[in-house]
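Trainee: Here is a sequence together with a model predicted from it:
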Amino acid sequence: MKSKISLIVLALTALVLPLQAAKPGAGARKHKQEAHAGFKKKDADHNGFLTKEEFAAGGKVGPKREKIFVRKDKNGDGKLSRKEFNAGGKKKHGKGRHAHAKGGKKKQKG
């Protein structure tokens, strides 16, 4: 009888542990921590913002990097806050200037 109970407990444990490991948000939390560490590492003067030079440090400087910086700098102040730095920056299909080219509807005037 004890061996049957032990087997049932073992089987249930084997089913529950993978569910615990796949908790929603665990990956997002890790990504947020890594992004925070990346920002902190680049912020050479520790003022809480990244200049273009700080942003490009450790990477290739060029027009592509410049475009990324400009796209992330939402308020156009020439520096990135931690929030701007951590923002996804992915292009959203179906929105923006060229929405009609991606299958979105073109807005009608009037």
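Mentor: Perfect, thanks for sending it.
Trainee: and residue 65, how many neighbours does it have?
Mentor: If you count neighbours by other CB atoms under 10 Å, residue 65 ends up with 14. Heads up, the C-betas are built off the backbone N, CA and C, glycines and all.
Trainee: ok, now residue 84?
Mentor: Neighbours of residue 84 under the rule other CB under 10 Å: 19.
Trainee: My guess is residue 36 contacts residue 48. True?
Mentor: No - in this structure, residue 36 is not within contact of residue 48 by CB atoms under 8 Å, at 11.8 Å.
Trainee: which residues are common contacts for those two?
Mentor: Residues within reach of residue 36 and of residue 48 at once, by CB atoms under 8 Å, 6 or more residues apart in numbering, are residue 82.
Trainee: give the contact list for residue 66.
Mentor: The contact partners of residue 66, by CB under 8 Å, 6+ apart, come to residue 52.
Trainee: In three-state terms, label it for me.
Mentor: Classification of residue 66 by DSSP: H, G, I helix; E, B strand; the rest coil places it in helix.
Trainee: ok, now how distant is it from residue 55?
Mentor: Per CB to CB, to the nearest Å, residue 66 is found 9 Å from residue 55.
Trainee: shared neighbours, those two?
Mentor: Between them, residue 66 and residue 55 share no contacting residue under CB under 8 Å, 6+ apart.
Trainee: For this structure, which segments count as helices?
Mentor: Assigned by DSSP state H, the helices in the chain fall at 2-21, 26-42, 52-56, 63-72, 82-86.
Trainee: pLDDT weak spots in this structure?
Mentor: Residues of the chain meeting the criterion pLDDT under 70: 2, 6-7, 9-26, 61, 88-110.
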